[in-house]
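> kindly generate the corresponding structure for this input.
(one chain, ligands or ions: 1)
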Amino acid sequence: MLLTSSWIIDFVIIIATISFIAYKYATRKFDYWRKRNVYHLKPIPFIGNFKDVGLFKITIGEWLKKLYDSTDEPYFGIFVYDEPHLVIKDPKLVKQILVKDANYFMDRTNAAPEHNQIIANMMFFQKSPKWKAYRTKVSPAFTSGKLKLMFHSINEISKDLNRYLGKNLGDLEMKEVCAKFSTDAIARCAFGLNSHCFEDENSAFRKCGRRIFDFNWRNGIIQTAYFFRPHWVTWLRLDFFEREVSDYLVDAFSSVMTHREKTNIKGNDFLDLLIDLKKNQDFREKFAFETTEATAQAFQFFVAGFETTSSTISYTLYELCKRPKYQNTLREEIKAAMAKDGDITYENLMGMKYLDMCVQETLRMYPVLPFLDRRCNTEYKIPNSDLVIEKGLPVYIPMFGLHFDEKYFPEPFEYKPERFENGQSAYNKDGLVFLPFGEGPRICIGERFGLLATKLALVRILSEFEVVRNMQTPDVVEFDPKTFILQSKVGLPMKVKKLMPTPA
Ligand code: HEM
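Numbers count the residues shown, from 1 in each chain. The predicted structure follows:
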């Protein structure tokens with residue numbers, strides 16, 4: 001009897017000691033912001049301020065907005081699990097970090113795992129100095145001349161889109177329809193491939209796309225590790241994409257590349273540029289640019305491009321189906337341009353002002369990637385402050401918070417294209433408050449392609465069809481917390497009706 005109770009006491013002491021050591025370890029950095037006299041939110045042991053995101057109750061964008069709204073400080077400290085992070089609220093400081101002093105903040109905070117060279121070499125994940133060399137070489141793929149060439153391919157796909165809508169009038173999940181369009185557009189423009197999304201509901205490309213951004217626990221946990229616990233990615237050798245998906249896409253891209261290299265066929269597309277880079281002896285030797293690295297860029301173009309573009313198109317349609325007045329104003333602009341030129345052209349598309357205002361307002365309310373992050377690479381003193389940002393410290397820009405701050409955007413929850421009457425640059429004069437594509441050297445490389453494809457799809461759809469609410473259209477979009485991008489929990493259902501021809 002005596003022996004048993006002595007065991008229980010030993011057991012309790014061991015558990016209490018382990019718990020105490022674990023507690024001490026998990027909270028060892030919790031005085032980081034207090035010591036530096038920086039306003040911060042009180043952390044909880046083991047999870048810091050990250051509880052609701054870590055438990056998938058809220059998206060990272062909405063969480064940062066909530067923190068942003070909780071203080072008037074120009075910057076403040078938080079803890080993601082046990083790690084201190086700095087959140088920047090002041091627009092001038094945002095500009096300083098992203099643009100003027102970008103040299104101190106070149107990389108993102110995410111993992112770039114050694115064990116998976118495709119992921120490590122995707123531009124979004126890449127670290128400097130390799131990133132800079134790749135970015136300089138890949139940027140010419142997005143010049144105006146190249147975009148004009150791509151316009152013709154995307155225009156053909158926009159006609160496929162309207163044929164599809166014509167055959168499937170009525171209630172539709174428009175996010176899915178727009179994803180078919182953007183997948184076809186990217187497959188064609190980047191690789192000269194036809195991904196057949198409109199003809200085949202089970203197109204392999206579309207299936208891969210669905211699985212990459214599917215809300216499931218595997219994706220939620222892995223994405224959290226990549227963005228917030230990069231060392232877990234290395235320890236556990238985690239892959240961002242499911243093996244089956246990345247194997248399929250890598251095979252598809254590398255076999256087209258091999259075929260094009262052998263046959264010397266030019267496609268006037270992104271692949272031409274990658275093949276030329278592979279032939280560039282100097283670049284190839286300096287940065288080990290072989291098939292894996294080239295395929296990573298192709299893979300990147302696909303992953304970063306189709307979801308962001310299809311979301312922007314479908315969120316715009318969603319807002320316009322709720323607001324027929326705006327939809328009609330935009331349709332009048334489209335009709336006038338088409339009546340003048342006979343069809344949509346690159347030039348008239350770029351000249352449609354109201355279209356641009358609607359798209360910018362969509363990007364304000366639904367910036368698909370709703371936060372920006374940078375890791376400080378050299379000690380940096382914040383101007384007019386005593387705070388020195390230490391090397392290695394992660395810094396967040398709460399884009400969603402800025403886009404919904406009524407100081408900059410009165411009635412922020414109202415969709416009002418007229419805010420952009422004077423263009424988007426009007427908002428970013430003194431500092432940065434509108435940044436759906438990010439800013440500075442790491443700004444989205446595909447911005448112009450994304451806008452071109454978004455606008456072309458919208459103009460094509462609204463020239464022939466009307467979008468109206470149906471019973472399933474949500475009043476307000478609720479975002480799925482299991483993914484780091486802004487995705488509606490229920491998709492974007494609406495009704496598509498054929499427009500009556502206007503009497504001559
Ligand atoms: C409406 C569509 C799009 C939106 C809203 C969007 C948004 C963004 C944002 C917010 C970033 C982070 C920028 C930063 O950290 O400062 C980014 C980066 C990036 N985006 Fe996009 N994007 C879009 C379309 C595309 C397309 C079509 C491509 C295809 C090439 C693309 C490729 C990339 C790449 C490669 C990066 C990383 C750039 C780097 O680190 O140098 N994006 N995008």
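> can you map out the strands along the stretch 1-150 of the chain?
Assigned by DSSP state E, counting those that start in this stretch, the strands in the stretch 1-150 of the chain fall at 75-80, 83-88.
> correction: the stretch 301-450 of the chain
Under DSSP E, counting those that start in this stretch, the stretch 301-450 of the chain gives strands at 372-375, 380-381, 388-389, 394-397.
> nearest to D82, of those?
Proximity to D82 (Cβ to Cβ) singles out strand 394-397 among those, at 12.7 Å. For every residue, glycine as well, the C-beta is placed using N, CA and C.
> now do the closest one: which elements does it pack against?
strand 83-88, strand 372-375 (3 or more Cβ pairs under 8 Å, 6 or more residues apart in numbering; DSSP states H and E).
> if we can go back for a sec, save the strands of the stretch 1-150 of the chain as JSON lines, and put in mean neighbour count too.
Listed next are those as JSON lines, based on neighbours: other Cβ atoms under 10 Å:
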{"stretch": "strand 75-80", "mean neighbour count": "21"}
{"stretch": "strand 83-88", "mean neighbour count": "22"}
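> out of those, nearest to the ligand?
Counting by Cβ to the nearest ligand atom, the ligand lies closest to strand 83-88 out of the strands of the stretch 1-150 of the chain; the figure is 12.9 Å.
> tell me if the closest one is near the ligand.
No. Strand 83-88 does not reach the ligand (Cβ under 6 Å from any ligand atom); its nearest approach is 12.9 Å.
> nearest residue to the residue most central in space within the chain other than its sequence neighbours?
Geometric centre of the chain, nearest residue: L369, 3.4 Å, by Cα atoms, centre = their mean. In this structure, L369 finds its nearest non-sequential neighbour in I485, 5.8 Å apart by Cβ to Cβ, 6 or more residues apart in numbering.
> roughly how far apart are that neighbour and the ligand?
Separation of I485 from the ligand (Cβ to the nearest ligand atom, to the nearest Å): 9 Å.
> tell me the contacts of that residue?
The contact partners of I485, taken as Cβ atoms under 8 Å, 6 or more residues apart in numbering, are 213, 307-308, 311, 368-370.
> between which two of these is the distance greatest?
Considering Cβ to Cβ, no two members of the contacts of I485 lie farther apart than F213 and P370, which are separated by 14.5 Å.
> so the longest helix that the chain contains, near the ligand or not?
The helix that spans the most residues within the chain, counting by DSSP state H, is helix 291-322. Yes. Shown here: helix 291-322 in contact with the ligand (Cβ under 6 Å from any ligand atom) through 300-301, 304-305, 308-309, 312.
> still on that earlier bit, the ligand: which of the strands of the stretch 301-450 of the chain is closest?
Shortest separation from the ligand across the strands of the stretch 301-450 of the chain is recorded for strand 372-375, at 4.6 Å, computed as Cβ to the nearest ligand atom.
> now that closest one: average pLDDT?
Confidence over strand 372-375 (mean pLDDT, whole number) is 97.
> flag every buried residue along stretch 463-475.
For stretch 463-475, the neighbour count (16 or more other Cβ atoms under 10 Å) marks 463, 465-467, 469, 473 as buried.
> buried sites along the longest helix of the chain?
Burial within helix 291-322, assessed by neighbour count using 16+ other Cβ under 10 Å, is assigned to 293-322.
> circling back: look up how far the ligand lies from the residue nearest to the centre of the chain.
Using Cβ to the nearest ligand atom, one obtains 4 Å as the distance from L369 to the ligand.
> in space, what's closest to P383 - neighbours in sequence excluded?
Here the nearest residue to P383 in space, its sequence neighbours aside, is Q96; by Cβ to Cβ, 6+ apart that works out to 6.5 Å.
> now do the closest residue to P113 other than its chain neighbours: how many residues are near it, please.
Spatial nearest neighbour of P113, chain neighbours left out: V233 (5.1 Å); criterion: Cβ to Cβ, 6+ apart. The burial count assigned to V233 is 23, neighbours taken as other Cβ atoms under 10 Å.
> who touches V233 in this structure?
Applying Cβ under 8 Å, 6+ apart, one finds that V233 lies in contact with 111, 113, 225-226.
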